[in-house]
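> coords below, sequence missing:
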């Protein structure tokens, strides 16, 4: 069974940091672009960060650029999202997702075919 499992969410004060992990199982994701998305109550799911499977190039939403860092460890089949200088507006459920094999990073969540269950991040102001 192919699975993505997120962890590392929680409650943090504004200005603090969290590190999210996304562990893949069932098969390797070394040839899949990986993305982090988030969804706040009453809002659409939005792209946060993505990382290429081939070059390791990273992409970020303007709202998190300079504060968040995505990385991947293919040997561990795990993707990370380091979140620093957190703001109240970062509060959301965070999801990791994988594209079909050999796809480049996409910004539209409909182009990802494997999703985790999500982890809640709450930033108190």
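Good, I have the coordinates. Here the structure is a predicted model, which is why all the values come from computation and not from measurement.

> alpha carbons only for contacts and neighbour counts from here, please
Noted.

> Could you verify that residue 101 is part of a helix?
No - counting by DSSP: H, G, I helix; E, B strand; the rest coil, residue 101 is not found in a helix; it is coil.

> That one: neighbour count?
For residue 101, the neighbour count with other CA atoms under 10 Å is 13.

> need the contact list for the residue most central in space within the chain.
Closest residue to the average C-alpha location of the chain: residue 36 at 2.2 Å, with CA atoms, centre = their mean. Going by CA atoms under 8 Å, 6 or more residues apart in numbering, residue 36 touches 47, 48, 49, 50, 81, 94, 95, 96, 97.

> Grab the nearest non-local neighbour of it.
residue 96 (4.5 Å; CA to CA, 6 or more residues apart in numbering).

> wouldn't the one you found be in contact with residue 118 here?
Yes - contact criterion CA atoms under 8 Å: residue 96 and residue 118 qualify, at 7.2 Å.

> what residues are shared contacts of these two?
residue 6.

> hang on, the earlier thing: quick one: mean pLDDT over the host helix or strand of the residue nearest to the centre of the chain.
Element membership of residue 36 [criterion: DSSP states H and E] is strand 34-39. Computed over strand 34-39, the mean pLDDT rounds to 98.

> That strand: partners in the sheet, and parallel or antiparallel?
Strand 34-39 has the following sheet partners, assigned by DSSP bridges: strand 46-51 (antiparallel), strand 92-98 (antiparallel).

> where along the chain do the strands fall?
Ranges of strands within the chain are 3-7, 10-13, 18-25, 34-39, 46-51, 58-60, 68-73, 78-83, 92-98, 114-115, 119-124, based on DSSP state E.

> what does the third one rub up against?
Contacts of strand 18-25 from elsewhere in the structure, counted by CA under 8 Å, 6+ apart, are 1-10, 12, 76-84, 96, 116.

> sorry, back to before: what's the spacing between the residue nearest to residue 36 and residue 114?
9 Å (CA to CA, to the nearest Å).

> quick one on the thing from earlier: from the contacts of strand 18-25, list just the buried residues.
Among those, those classed as buried by neighbour count (16 or more other CA atoms under 10 Å) are 3-7, 9, 12, 77-81, 83-84, 96, 116.
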